[in-house]
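Colleague: could you look at this predicted model? Sequence included:
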Amino acid sequence: MGMLSRVGFRWALLVGLLLAWTVFGSPISPVHAQRLYLGQPLLSIETLEASRGEEVEGPPSTQELRRDWTASDQPATEELPWRYREFLARHSLLEAPVDASLDEDPTYNVPIVRNDSVEDHIRFFQIAIRDKFDQWLNRLSKYKPIVENIFSEFDLPSDLVFLSLVESGFNPHAYSRARATGPWQFMKSTAKLYGLRVDEYVDERRDPIKSSVAAARYLRDLYDLFGTWPLAMAAYNAGEGKVLRALQKTQSDSFWELARTRHLRKETKDYVPRFMAATIIARSPDRYGFTIEDPDPHQFEEVIVRRPVLLRALAAATGISFHELKRLNPELRRDVTPPHDFEYLLKVPVGTAPAVERALERLPAWKQPVPGHVKAKGPEKSQGRWYEVRTGDSLWLIAKRFKLSVRELKARNPLTARTLKPGDRLLIGP
């Protein structure tokens, strides 16, 4: 019974001393904690000699304690009960791989922190949306060399290209609930401020090259304003005004301090860790189980179009895939070159420019439909060739009303569901 009491007391004392050292910063060393577990005396020969008048050095540093612990006094892991092995490993008292807070990989050219939030997002990309993130990585790889060249011209770190993974997965047609559009998710006002054209026929937020130039200019300005990339990225997400007000209210010096307050939305607090997680994976995709296929480079030629031309008509005249023309020109909202541009640069596949130029000489100019008869009150019938869109209408409802398919309705009208609004006039039939 006496032996059991001594053993129980020893365990209680061990745990208490470890907790005191961990929580309150008490100077008890891991060596002493281990000796308590093994039943060894706390006073070493050196301590006894010092008590007899020998000169005693100051308390050892944390590095010395850890070196002594791992060099000579560390007990074998298998000798410890599992609950203590877990406790000691959690507090780095047993030899275990420890992740530094700052990743030491020299290939990163923006600050990459490995904390719990970043690790959670790594697991999210690696497990929860694995297939989607794999698609994002492969889509970005097609445009990555071009974007990196653009960023280098603005003296930006090349790793910022991975911000587009968090924004849209580098999807030119990405569209958010806040009406941000394109691979860099520009709002309309910010896009125009940075020189992007957004109108009825053209939305350059979708252009992977022009929007990347605008993103580079915007990121350069944000970095010049805030001085650190985490704060600049937070401002890219939330807006510079929001981050400036939050910094002023909290007197914070860094993004991580600001993220601990209530002055940033959760989306923005998660935004920077998501970028860091995406960058870590994108830099070493094989390590995380992703395979990036050798991409076809994003190459094209440009031809000058001097009158409005439907892409479908051009595809039919040249044999070029309509979907390839749309992929190369995602900024065209209505699948037609803008009618008021006398010299519009249209992107076509490499090697097809001569054929396209010859076809353009033969193709008639597209004419914007002129409204004819407007739908009158009464039965659901078209009074002629045209129908005026009303509130609540959709392409599906209009097609059903006039016994057409949505595909037929779209073929007769260069419209998409997002551009359909009350007052639009749709060509129904002869």
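Modeller: Yep, it's here.

Colleague: low-scoring stretches of this protein, by residue?
Modeller: For the chain, applying pLDDT under 70 flags the ranges 1-106, 369-385, 415-419, 430.

Colleague: element containing P183?
Modeller: Per DSSP states H and E: P183 is located in neither a helix nor a strand.

Colleague: roughly how far does it sit from V166?
Modeller: Distance, P183 to V166, using C-beta to C-beta, to the nearest Å: 11 Å. The C-beta positions use only the backbone N, C-alpha and C, and glycine is treated the same way.

Colleague: so where do the helices sit in the stretch 51-200 of the chain?
Modeller: Applying DSSP state H, counting those that start in this stretch to the stretch 51-200 of the chain gives helices spanning 62-68, 82-90, 116-123, 130-153, 163-167, 188-193.

Colleague: who touches P297 in this structure?
Modeller: P297 is in contact with K142, P145, counting by C-beta atoms under 8 Å, 6 or more residues apart in numbering.

Colleague: wait, I meant A174
Modeller: Neighbouring residues of A174 by C-beta under 8 Å, 6+ apart: E167, S168, T181, G182, P183, Q185.

Colleague: distance check, it against K266.
Modeller: 21 Å.

Colleague: quick check: phi and psi on the nearest residue to W136 once chain neighbours are set aside?
Modeller: Excluding its sequence neighbours, the residue lying closest to W136 (C-beta to C-beta, 6 or more residues apart in numbering) is G169, at 3.5 Å. Backbone torsions for G169, taken as degrees, to the nearest 10, come to phi 70, psi 30.

Colleague: thinking again about what came up before, who's more crowded, P183 and V166?
Modeller: Counted by other C-beta atoms under 10 Å, P183 and V166 do not tie: P183 has more neighbours, with 28 against 24.

Colleague: these two touch, right, that one and F170?
Modeller: Yes - with contact defined as C-beta atoms under 8 Å, P183 counts as touching F170 (4.6 Å).

Colleague: not counting its neighbours along the chain, what's nearest T190?
Modeller: T190 sits nearest to Y218 (C-beta to C-beta, 6+ apart), 7.0 Å away.

Colleague: the one you found and L196 touch, don't they?
Modeller: No - taking contacts as C-beta under 8 Å, Y218 lies outside contact range of L196: 10.5 Å.

Colleague: of the two, who's got more company?
Modeller: The neighbour comparison of Y218 against L196 (other C-beta under 10 Å) goes to L196, with 25 against 21.

Colleague: neighbours of the closest residue to E324 other than its chain neighbours, how many?
Modeller: Excluding its sequence neighbours, the residue lying closest to E324 (C-beta to C-beta, 6+ apart) is P349, at 6.1 Å. Look at P349: counted by other C-beta under 10 Å, it has 18 neighbours.

Colleague: for P349, which residues are in contact?
Modeller: Neighbouring residues of P349 by C-beta under 8 Å, 6+ apart: F300, E301, I320, E324, L328.

Colleague: list just the nearest of these to P208.
Modeller: L328 (9.9 Å; C-beta to C-beta).

Colleague: give me every residue that touches that closest one.
Modeller: F300, K347, V348, P349.

Colleague: quick one: distance of the strand or helix carrying P230 to the chain centre.
Modeller: Taking DSSP H and E as the criterion, P230 maps to helix 229-238. A distance of 12 Å separates the C-alpha centroid of helix 229-238 from that of its chain, computed with C-alpha atoms, centre = their mean, to the nearest Å.

Colleague: show me what it is packed against.
Modeller: Helices and strands touching helix 229-238, by 3 or more C-beta pairs under 8 Å, 6 or more residues apart in numbering; DSSP states H and E, are helix 208-226, helix 240-250, helix 255-259, helix 266-283.

Colleague: can you tell which of the helices of the stretch 51-200 of the chain is closest to Y236?
Modeller: If we rank those by C-beta to C-beta, the stretch that ends up nearest is helix 163-167, at 7.3 Å.

Colleague: which neighbouring elements make contact with that closest one?
Modeller: helix 130-153, helix 208-226, helix 266-283.

Colleague: gap between the most centrally placed residue in the chain and A234?
Modeller: Residue closest to the average C-alpha location in the chain (C-alpha atoms, centre = their mean): V166, at 1.0 Å. Distance of V166 to A234, computed by C-beta to C-beta: 12 Å.

Colleague: joint contacts of these two?
Modeller: Y271.

Colleague: highest neighbour count among the contacts of A174?
Modeller: Result: G182 is most packed of the contacts of A174 (other C-beta under 10 Å), 32 neighbours.

Colleague: show me the protein divided up by domain.
Modeller: Domain segmentation of the chain under automatic domain parsing yields 2-90, 116-288, 301-362, 369-430.

Colleague: could you dump those domains to CSV with distance to Y108?
Modeller: Shown next, in CSV, are the domains of the chain (distance: least, C-beta to C-beta, whole Å):
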stretch, distance to Y108
domain 2-90, 26
domain 116-288, 6
domain 301-362, 31
domain 369-430, 38
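
Colleague: highest average neighbour count across those?
Modeller: Greatest average neighbour count among the domains of the chain goes to domain 116-288 (a mean of 18), per mean count of other C-beta atoms under 10 Å.

Colleague: sweet, I'm off.
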